[in-house]
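Colleague: with the sequence up front, the predicted model follows.
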Amino acid sequence: MSGQILFNGNIASPNDFIDRIAPFVKQSNPRGSPNVLLITAAWGAGEYGEAPFREALNRHGVLSQWQDGFDRAIPNLCAWHAWQEVLAARPQVAQVAEELEEVADAVRRFYIAKTSFHATRVREAVAFSRDKLGEFRLGDLPLIGRDGLQPEPTLAGRALLHRALTRELSHDLADLVRNDARMLDALTELADALPARTGLRFDPLWRQWHATLTARILAADTVILPGGDPDALLGALQFFDLGPALRETLRRGALLCAVSAGSLVLCERVIIYDDFASDPRRREFRLHDRGLGLVGGLQILPHCMDRIHTDDPDNLAYLARRFSTHACVGLNQESFLLVQPDAGKATAVGLHDAVYVFGPDGAKRRFMPGQVLDV
């Protein structure tokens, strides 16, 4: 893949977002005004409200080309409405999709309960350890597996207590990681069930929309994915199996610009924060769904300062160990990260804020504009 992905955490408005990314958008087609595709499926029924983005792009010299009432240079993918059209026209597909979503909701509820249990145990164990041992940091614990530590019966009581608590914390963290893996397997099985049970990929209406949406993606020099509801965005893109088209346009050299929910769905895993959970004890980061996997090795955590206690080393160590398969990267309103997947390179490019990487040692590493992340 020779293209680039520009990630942002949660920019305040379309104008602000376009102001920040305009130089990168213009570079996506040095020969002239670039073709920019807007994917606003995260807005659901409000998908067609993209005018503020188009007006901001026009203001920066990215020109519209109107034909038959449609902007051919800055089109909207319209994936959400296409998704709803197919479901309305194919009631048997809609019925199976609804059934599978009910199963997914039940699986997620069970997963959340288990996640909350183990996460609470970890946090309570850290507090207990600090109370009993004084200075205690989660980030200082050795990175050990479920087999734990070898017995050392000659240790004094305080050291034995430290080892016992270390063992318990390590087991609870390992259970959280394994719980994620099982959840991922269940979601993959559910996603495969819809086309397998309905023959969706061979349906003429689905194939027509798939071809249309794929062509729009492949024609773009820049693809913009704003924030909103990650379920609506991911649901529409996965329903039409558009991950390969996005990967291909990236391979051809396109620029993908993503903010908030858009940033989440491009990762291999969609990790969300339950800030609307009725029980504050369940407001944890958790695996929500499979992402499109356009970027590997990085776990983007948008709304960083709003949702992460970044001054708490134990919390950062917990996050980094909790999602240890990827480097946890926190992004704010003014944090921008430019990823070149083909080169395996990620560079902080925001002019007004840094990019933050959280380590298993509890450290918060701050990367200023121009600095390359060591992940």
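Modeller: Thanks, I have the structure now. Numbering: from 1, shown residues only.
Colleague: quick one, strands of the stretch 201-350 of the chain?
Modeller: 222-225, 255-259, 269-273, 285-290, 298-301, 327-330, 336-340, 345-348 (DSSP state E, counting those that start in this stretch).
Colleague: now render those as JSON lines, adding distance to Ala42 and mean neighbour count.
Modeller: In short, each C-beta sits where N, CA and C put it, glycine included. Supplementary listing: the strands of the stretch 201-350 of the chain in JSON lines, determined by distance: least, CB to CB, whole Å; neighbours: other CB atoms under 10 Å:
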{"stretch": "strand 222-225", "distance to Ala42": "7", "mean neighbour count": "27"}
{"stretch": "strand 255-259", "distance to Ala42": "10", "mean neighbour count": "27"}
{"stretch": "strand 269-273", "distance to Ala42": "12", "mean neighbour count": "20"}
{"stretch": "strand 285-290", "distance to Ala42": "13", "mean neighbour count": "22"}
{"stretch": "strand 298-301", "distance to Ala42": "15", "mean neighbour count": "26"}
{"stretch": "strand 327-330", "distance to Ala42": "20", "mean neighbour count": "24"}
{"stretch": "strand 336-340", "distance to Ala42": "19", "mean neighbour count": "22"}
{"stretch": "strand 345-348", "distance to Ala42": "23", "mean neighbour count": "20"}
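Colleague: of these, which is nearest Ala73?
Modeller: Nearest to Ala73 among these is strand 222-225 (10.8 Å), distances taken as CB to CB.
Colleague: residues touching Ser129, list them.
Modeller: Ser129 makes contact with 136, 162, 165, 169 under the criterion CB atoms under 8 Å, 6 or more residues apart in numbering.
Colleague: 10 Å - rerun?
Modeller: 135-138, 141, 161-162, 164-166, 168-169, 314 (CB atoms under 10 Å, 6 or more residues apart in numbering).
Colleague: again with Pro341
Modeller: Contacts of Pro341 by CB under 10 Å, 6+ apart are 1-5, 247, 250-251, 256, 294-298.
Colleague: one step back: nearest to Ala88 among the strands of the stretch 201-350 of the chain would be which one?
Modeller: Evaluated over these, closeness to Ala88 peaks at strand 285-290, with 23.6 Å, by CB to CB.
Colleague: show the buried residues in the contacts of Pro341.
Modeller: Buried members of the contacts of Pro341, counted by 16 or more other CB atoms under 10 Å: 1, 3-5, 247, 250, 256, 294-295, 297-298.
Colleague: narrow those to those in helices?
Modeller: If you go by DSSP state H, the buried ones among the contacts of Pro341 have 247, 250 in helices.
Colleague: between the buried ones among the contacts of Pro341, which is nearest Glu334?
Modeller: Using CB to CB, Ile5 is the member of those that lies nearest Glu334, at 17.7 Å.
Colleague: bridged to that closest one, which residues?
Modeller: In this entry, Ile5 is beta-bridged to Leu256, Val339, by DSSP bridges.
Colleague: hang on, Ala191 packs against Gln238?
Modeller: Yes: contact criterion CB atoms under 10 Å: Ala191 and Gln238 qualify, at 6.5 Å.
Colleague: output the buried ones among the contacts of Pro341 in JSON lines, with pLDDT and distance to His118 appended to each entry.
Modeller: Output for these, formatted as JSON lines (pLDDT from 0 to 100; distance: CB to CB, whole Å):
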{"residue": "Met1", "pLDDT": "52", "distance to His118": "36"}
{"residue": "Gly3", "pLDDT": "95", "distance to His118": "38"}
{"residue": "Gln4", "pLDDT": "97", "distance to His118": "37"}
{"residue": "Ile5", "pLDDT": "98", "distance to His118": "32"}
{"residue": "Arg247", "pLDDT": "97", "distance to His118": "34"}
{"residue": "Leu250", "pLDDT": "96", "distance to His118": "36"}
{"residue": "Leu256", "pLDDT": "98", "distance to His118": "34"}
{"residue": "Leu294", "pLDDT": "95", "distance to His118": "30"}
{"residue": "Val295", "pLDDT": "93", "distance to His118": "27"}
{"residue": "Gly297", "pLDDT": "90", "distance to His118": "25"}
{"residue": "Leu298", "pLDDT": "93", "distance to His118": "24"}
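Colleague: tell me which of the buried ones among the contacts of Pro341 is nearest to Ile271?
Modeller: Of all the buried ones among the contacts of Pro341, Ile271 sits closest to Leu298, with 11.2 Å by CB to CB.
Colleague: quick one: that closest one from Ala94, how far?
Modeller: Distance of Leu298 to Ala94, given as CB to CB, to the nearest Å: 35 Å.
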